[in-house]
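Novice: Please work out how this folds:
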Amino acid sequence: MGHRLSGHMIATYACAHLTGPCLNRSLTVDGIEPFGSADECFTLDCYSDHSSIRLWCILDDAGDVVQGGLVPDTQSYNGLGGGDNHIIFKGGFIVDLSGFYSSQRSYTAKGEPQNHLPADKHHALLQKRPHSHLFCDGSLAEMAGAENRGSVAAIFGRAA
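Specialist: Alright, predicted model coming up:
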């Protein structure tokens, strides 16, 4: 089972680039085109190929593969390629749990520590979980047991 996401949380992008001095770096992603609307559902699912590389695919609501062979690019862009709410994949794909409402998005390390992960951590968004979830803006979610109630970040194992 994969992670259920709405169409406006998954997108392609044309380019990404860093700006600013080392401690105030910003990653700007341009040419963002969401897969669909907030009402459409997709699944981000993990599988492995024969070389044991962890690969991801995007499935539509019918379960058909829309895009396969996705490899996380979390360590590129000075570690800004992945955060609590977003992940960039090699090949021009991006997921952001807050959704995409314009063709440009910026991520910074300063002032937004949730968008920067240490190099030895794998992005929480891509940790395999036994259940499927549909995330909607501002929603709380509950899984079995009261200890699993809370924000998207909490469900993926990161404190909100």
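
Novice: mind checking the longest strand of this protein?
Specialist: strand 41-48 (DSSP state E).

Novice: what are the pairing partners of it, and which direction each?
Specialist: strand 3-6 (antiparallel), strand 54-59 (antiparallel) (DSSP bridges).

Novice: Can you check which of the ones you listed gets nearest to Gly82?
Specialist: strand 54-59 (12.5 Å; C-beta to C-beta). (Each C-beta comes from the backbone N, C-alpha and C, glycine too.)

Novice: what's next to that closest one, contact-wise?
Specialist: For strand 54-59, the surrounding residues in contact (C-beta atoms under 8 Å, 6 or more residues apart in numbering) are 2, 10, 35, 42-49, 65-72, 89, 93, 126.

Novice: Any idea which of the strands paired with strand 41-48 gets closest to Thr28?
Specialist: strand 3-6 (22.4 Å).

Novice: Could you tell me the average pLDDT over the closest one, please?
Specialist: The average pLDDT within strand 3-6 is 93.

Novice: Restrict it to CA atoms and write it as PDB.
Specialist: Listed next in PDB are the C-alpha coordinates belonging to strand 3-6 (Å, rounded to 0.1, in the frame of the first residue of the first chain):
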ATOM      1  CA  HIS A   3       0.600   7.000   0.300                       C
ATOM      2  CA  ARG A   4      -2.700   8.500  -1.000                       C
ATOM      3  CA  LEU A   5      -2.300  12.100  -2.200                       C
ATOM      4  CA  SER A   6      -4.500  14.500  -4.000                       C
END
